[in-house]
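Asker: Let's see this in three dimensions:
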Amino acid sequence: MLAPSGLKATQLTMLGAISILGTAQMSELASLVALDKTTLTRNLKLLQGDGLIAIDAGSDRRVRVVRLTRTGTGTLERALPLWREAQQRMVEHLGEARWRRLVADLADLNAISL
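Answerer: Coordinates of the predicted model:
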């Protein structure tokens, strides 16, 4: 469903998280999307290569700061309606109660610290 936007679901998640945070330190972003720093860095490099994000030095040279570019913002804005439509289709297919249970179960799984 996201194909017209050019994004994969994982990329949409990353762009959405960056959008929510505004300008984010990589450690904040890693925590929000529940990824280790190595995986996060690899994913961010792809987004940076596509011109969707910029990664800059923070006030402390050891800190890297991530932000959406104009291209990234536009891509996210085009992708969100597609994502909402996909979500709505799932609700229609599973039913509201089952969908809410699934989302709650996934949130519980995400909260488990292994």
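Asker: quick one, helices of the chain?
Answerer: With DSSP state H as the criterion, the chain has helices at 9-21, 26-33, 37-49, 70-94, 96-111.
Asker: Show me which residues of the last one are buried.
Answerer: Looking back up the chat, that one is helix 96-111. Trp99 (16 or more other CB atoms under 10 Å). The C-beta positions use only the backbone N, C-alpha and C, and glycine is treated the same way.
Asker: how about low-confidence regions in this structure?
Answerer: By pLDDT under 70, the low-scoring segments of the chain are 113-114.
Asker: same thing but 80
Answerer: The chain contains residues with pLDDT under 80 at 58-59, 61, 110-111, 113-114.
Asker: picking up where we left off before, hey, which of the helices of the chain is tucked in deepest?
Answerer: Each of the helices of the chain was scored by mean neighbour count; the highest is helix 9-21, a mean of 18, by mean count of other CB atoms under 10 Å.
Asker: hang on, the earlier thing: would you mind giving the helices of the chain as JSON lines with distance to Arg62 added?
Answerer: What follows is these, written out as JSON lines (distance: least, CB to CB, whole Å):
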{"stretch": "helix 9-21", "distance to Arg62": "19"}
{"stretch": "helix 26-33", "distance to Arg62": "10"}
{"stretch": "helix 37-49", "distance to Arg62": "13"}
{"stretch": "helix 70-94", "distance to Arg62": "24"}
{"stretch": "helix 96-111", "distance to Arg62": "28"}
